[in-house]
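Chemist: here are the coordinates; sequence isn't available:
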């Protein structure tokens, strides 16, 4: 394993037999060195507009692309649902009310929709 992939850790902590938690009872694991970025400044533009949103029935997707590509609908619990797609129309009449996420797999973008 090369040095650039190794992680170095330091352990600092205090363990007490006192059953009541206090500011003195703590246990931490600190990372001293990490050779990978934790965040990026890159921003992916939002190319999809969905209206009307919220809605009960059919959503219209406005996109600069010829097609909306492959999509996946996911609820807040991560459950996946089938949706009927006709051109740029997405039919959600068969779904219960809630917050869902439309994953445009082809274009690596996600949009939140609300069904009432």
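Modeler: Cool, the structure landed. As the structure is a prediction and not an experimental result, all values here were calculated from the model. Numbers count the residues shown, from 1 in each chain.
Chemist: So what sits opposite residue 51 in the bridge?
Modeler: Legend: beta-bridge partners of residue 51 under DSSP bridges are residue 60.
Chemist: ok now do it, which residues does it touch?
Modeler: Under the criterion of CB atoms under 8 Å, 6 or more residues apart in numbering, the neighbours of residue 51 are 59, 60, 62. (Glycine included, C-beta is placed from N, CA and C.)
Chemist: so what pLDDT did residue 47 get?
Modeler: At residue 47 the predicted local confidence, pLDDT, stands at 81.
Chemist: swap in residue 85?
Modeler: Residue 85 is assigned a pLDDT of 90 by the prediction.
Chemist: coming back round to it: now the buried members of the contacts of residue 51.
Modeler: Neighbour-count burial (16 or more other CB atoms under 10 Å) applied to the contacts of residue 51 gives residue 59.
Chemist: Domain map for the chain?
Modeler: As given by automatic domain parsing, the domain ranges for the chain are 3-33, 49-115.
Chemist: Would you mind checking which of the ones you listed scores lowest on average pLDDT?
Modeler: Taking the mean pLDDT of those, domain 3-33 comes last: a mean of 49.
Chemist: about what we covered before: which one of the contacts of residue 51 sits closest to residue 98?
Modeler: Proximity of the contacts of residue 51 to residue 98 (CB to CB) peaks at residue 59, which lies at 14.0 Å.
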